[in-house]
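1. What would the 3D arrangement of this be:
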Amino acid sequence: MRSIELFAGAGGLALGVSQAGFEHDAVVERDRDACGTIRANNDRGVIAWPLLETDARAVRYADYGEGVDLLAGGPPCQPFSIGGKHKGHDDSRNMFPEAIRAIRELRPKAILFENVKGLLRQSFAKYFEYILLQITYPEVVHKPDEEWGSHLSRLERHHTKGGRGGLSYRVVFRLLNAADYGVPQRRERVIIVGFRSDLKRDWSFPGPTHSEAALLRDKWVTGEYWDRHSVATSERPTAPARVLGKLARAGAGPPLEPWSTVRDALAGLPEPETHGEAESFLNHRLVPGARSYPGHTGSPLDEPSKTLKAGDHGVPGGENMMSFADGRVRYYTVRESARIQTFPDDYAFFGSWTESMRQLGNAVPVRLGRVIAESIRAGLRAA
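-> Below is the predicted model of the structure:
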C-alpha cells in the first residue's frame, strides 16, 4: 500500500508506518539535521525512503497522482505544546493548513495525524473542532482574508445540513498513552484517524496491549519482573503503600502485558563511556554533567520513562536523564533515548547529542506508529 509522510522529523512515525506494510512515495521534512538522519539511514540501507528536503508548502501533490492509501504525519506541535508558547492558530509554525491541503489534493483513502496532548486543552477546544471539521470536509476551503472563526462557521453549517457532495472523511480521535502499547515511556499524544467517506469503513482504535496494573503485579506480587532482570532478593525495593492501593483498585482486569520500563528498554546495552561509542552500538556515548534538583529529576529505572522532550532552547535534562535508587542521575545516551522511543538499534541519528535528542524528543514512538498503522491497513483491506 502507498503512503506519503509529511513533517517526518527523524522518521519515527514513518518507520512505524513502513513496518506496518506501507511503502512511502515521499517523506517530507525541511529540518537539515532531521533530513541528515533520514539520509544517513538511507545510505546505510536501513530504510529506502524518497526524501523531499523541503517545506511542505512547496510540495506539488499532483506529482503523485491518485491512489495514495495513507497520508500520515505530525504537523509541528509547538503552537499547542504545554511546553511551548501556546500561540495555537496564531503561530506561524502551525502546519495544519498544509496538512489539509495535502488531503484535498491527494484524496488519500486514510489519514493518520499525531499531535501533542496540549491540543486538547480547553483554550484550544474551538480550534481543535476547526481542525477536525477541515479534515472532514477538506474541499470547504478557507477563503483569502477569511478569519478562521468565520471559516469554522461555514464548516459547521455544511456539517449540520448533512455535508453532502464532494470529498469527505469520517474522522475520529483519541488521546493515547504510548506506554499502553508497549513503549517504555509515559507519552500521551492525540491521534487523529480518518477514512474517506466513500469507503464506508468500520474502524476503531486498537485497544491497549499493556497496563500499569500488570507491571505492578509482576513487581510486587509475583516478582517476575525482578527475576527477569536477575535482581537479587536483597536488592529489591519494598512495595510502597500507594502501590498496594493501586493494585486493589485495579482488580483482575484484562490479561494485558506489563508496561515496559527503562530497565526493560536498556537491557543488553553496556554502560556508556565519555570517550568513544560502545562497540556494536551506534550513538551510545555518555554526556556528563547531569544533576538533580527540585522539579528537575530523572526517570526511575524500574518505571516507564518520563516523556522525552525536545525543549525550546535545547534539552530539558530532567526528562532526558535516568535516576538510580542511590540518588545518582545521568543523561540518557542517544541510543538509550532511541530505545525508549522504540527505534531499532541499527537506526542512526545525525548531529550533536543535543540535536539528536531534539529529534528524538519530537519523534513518534515507532511501536505506537506501527500499531495504529497496522490497524488502519487492516481497515483498508477489509471487504
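2. biggest helix in the chain, by residue count?
-> In the chain, with assignment by DSSP state H, the single longest helix is helix 366-381.
3. That helix packs against which elements?
-> Helix 366-381 sits against helix 12-19, strand 70-73, strand 110-116, strand 188-196, with contacts defined as 3 or more Cβ pairs under 8 Å, 6 or more residues apart in numbering; DSSP states H and E. For every residue, glycine as well, the C-beta is placed using N, CA and C.
4. The same query, at a cut-off of 7 Å, please.
-> Here helix 366-381 touches helix 12-19, strand 110-116, strand 188-196, going by 3 or more Cβ pairs under 7 Å, 6 or more residues apart in numbering; DSSP states H and E.
5. which residues in the stretch 151-300 of the chain form strands?
-> 169-177, 188-196, 210-211, 257-258, 299-300 (DSSP state E, counting those that start in this stretch).
6. Looking at those, spot the one closest to G74.
-> strand 188-196 (8.6 Å; Cβ to Cβ).
7. Let's see the closest one as PDB, backbone CA atoms only.
-> What follows is strand 188-196, C-alpha atoms only, in PDB (Å, rounded to 0.1, in the frame of the first residue of the first chain):
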ATOM      1  CA  GLU A 188       0.300  10.900  25.800                       C
ATOM      2  CA  ARG A 189      -0.400  12.000  22.300                       C
ATOM      3  CA  VAL A 190      -3.500  12.900  20.300                       C
ATOM      4  CA  ILE A 191      -4.000  10.600  17.400                       C
ATOM      5  CA  ILE A 192      -6.400  11.600  14.600                       C
ATOM      6  CA  VAL A 193      -7.500   9.000  12.100                       C
ATOM      7  CA  GLY A 194      -9.900   9.400   9.100                       C
ATOM      8  CA  PHE A 195     -11.200   7.200   6.400                       C
ATOM      9  CA  ARG A 196     -12.600   8.500   3.100                       C
END
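8. and it, how far out from the chain's middle?
-> Strand 188-196 has its average C-alpha position 11 Å from the chain's average C-alpha position, going by Cα atoms, centre = their mean, to the nearest Å.
9. That one packs against which elements?
-> Judged by 3+ Cβ pairs under 7 Å, 6+ apart, strand 188-196 is in contact with strand 110-116, strand 169-177, helix 366-381.
10. what lines up beside that strand in the sheet?
-> As defined by DSSP bridges, the strand partners of strand 188-196 come to strand 110-116 (antiparallel), strand 169-177 (antiparallel).
11. P272: which of the ones you listed is closest?
-> strand 169-177 (28.3 Å).
12. quick check: angle from the closest one to helix 366-381?
-> Using axes from the mean of the first three to the mean of the last three Cα atoms, to 10 degrees, the direction of strand 169-177 lies 150 degrees away from that of helix 366-381.
13. which other residues reach strand 169-177?
-> For strand 169-177, the surrounding residues in contact (Cβ atoms under 7 Å, 6 or more residues apart in numbering) are 111, 117, 120, 132, 135-136, 186-197, 205.
14. and what of stretch 224-236?
-> In contact with stretch 224-236 (Cβ under 7 Å, 6+ apart) are residues L215, D218, K219, P258, R263.
15. Now the buried members of the contacts of strand 169-177.
-> Neighbour counting by 16 or more other Cβ atoms under 10 Å classes 111, 117, 132, 135-136, 186-187, 189-197 among these as buried.
16. Minimum pLDDT in the residues you listed, which residue is that?
-> pLDDT across the buried ones among the contacts of strand 169-177 is lowest for K117, at 89.
17. got the domain boundaries for this structure?
-> 2-208+365-381, 211-362 (automatic domain parsing).
18. Please give me every residue in contact with V190.
-> Taking Cβ under 7 Å, 6+ apart as the test, what V190 contacts is N115, V116, K117, L119, L120, F173, L175.
19. mind running it again at 6 Å?
-> By Cβ atoms under 6 Å, 6 or more residues apart in numbering, V190 lies in contact with N115, L119, L175.
20. Buried only: go through those residues for me.
-> Using 16+ other Cβ under 10 Å, the buried ones in the contacts of V190 are N115, L119.
21. export the strands paired with strand 188-196 to TSV and tack on distance to V329?
-> As requested, the strands paired with strand 188-196 are arranged in TSV below (distance: least, Cβ to Cβ, whole Å):
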stretch	distance to V329
strand 110-116	26
strand 169-177	24
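22. Can you say which of those is packed in most?
-> strand 110-116 (a mean of 24; mean count of other Cβ atoms under 10 Å).
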